[in-house]
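**Q** Curious how this folds, go ahead:
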Amino acid sequence: MERKHWLWVGVGVLTLAVVGKVSGLYSLSNEIEIETDAQVHKVDLLGFELRVYVKIKNPTSTSVRISFPFVKIIYQQSVVVNGTKKITESTLTSSQVSNATVLIGAKKETPLPNPIIIKGSWITLGMSAPSAVKEFRTNGKVNLVVRTRSEVTSLNKEIKQDQLITIGNGEEKA
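**A** Got it, this is the predicted structure:
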């Protein structure tokens with residue numbers, strides 16, 4: 001009888017240790033941050049090119065491996081539906097998907113070695129978000145959201161960062 005008792009105590013302690021470790025990793029993933037610096041590299045008659053510089057910050061004392069960041073360019077528009085203001089999002093373009101991972105050392109800030117380059121076409125923009133093209137033609141600029149997404153690979157816990165970027169200089173078009 002005593003042996004069974006110690007077996008159950010051991011199972012209980014092991015369960016608590018596993019739960020503690022998993023919850024510690026989960027809270028660790030809440031501390032990881034992605035910092036983006038999206039820059040307009042080129043705007044011409046065919047479209048635009050953005051360069052997104054990404055830095056991952058790990059303020060914890062544990063090294064983590066995250067998935068290579070995925071970046072989407074989004075146009076947000078306010079619409080009123082039944083008297084309620086809602087924000088709709090249209091994805092205009094995105095980066096290539098990669099199954100690579102990045103190791104982020106404990107208490108380190110790790111920049112990606114190269115910027116993520118994203119190209120957008122005015123034709124695609126006109127088809128997926130015609131109001132964005134209208135805004136650009138009217139105001140000489142359009143505001144877009146650069147959404148960077150990654151996850152801590154051991155937990156499938158998402159890390160997300162949004163940055164607002166303006167394409168154009170704001171000079172009204174005739």
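**Q** And the helices in the chain?
**A** Ranges of helices within the chain are 2-31, 122-128, 130-139, based on DSSP state H.
**Q** buried residues in the shortest one?
**A** The reference is to helix 122-128. Residues of helix 122-128 classed as buried: Trp122, Leu125, Ser128 (neighbour count, 16 or more other Cβ atoms under 10 Å). Bear in mind the C-beta positions are built from the backbone N, C-alpha and C, glycine included.
**Q** Could you give the average pLDDT over that helix?
**A** Per-residue pLDDT over helix 122-128 has a mean of 82.
**Q** that older thread, can you redo the buried residues of helix 122-128 as TSV with distance to Lys107?
**A** Below are the buried residues of helix 122-128 laid out as TSV (distance: Cβ to Cβ, whole Å):
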residue	distance to Lys107
Trp122	44
Leu125	41
Ser128	41
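**Q** rewinding a little: the helices of the chain: lowest mean pLDDT?
**A** Among the helices of the chain, helix 2-31 carries the lowest mean pLDDT (a mean of 58).
**Q** Show me where the protein dips below the pLDDT cut-off.
**A** For the chain, the stretches flagged by pLDDT under 70 are 1, 3-29, 154-156, 170-174.
**Q** Let me see the ranges of the strands in it.
**A** Taking DSSP state E as the criterion, the chain carries its strands at 33-43, 47-58, 64-67, 70-81, 84-94, 101-104, 108-111, 116-121, 141-152, 157-168.
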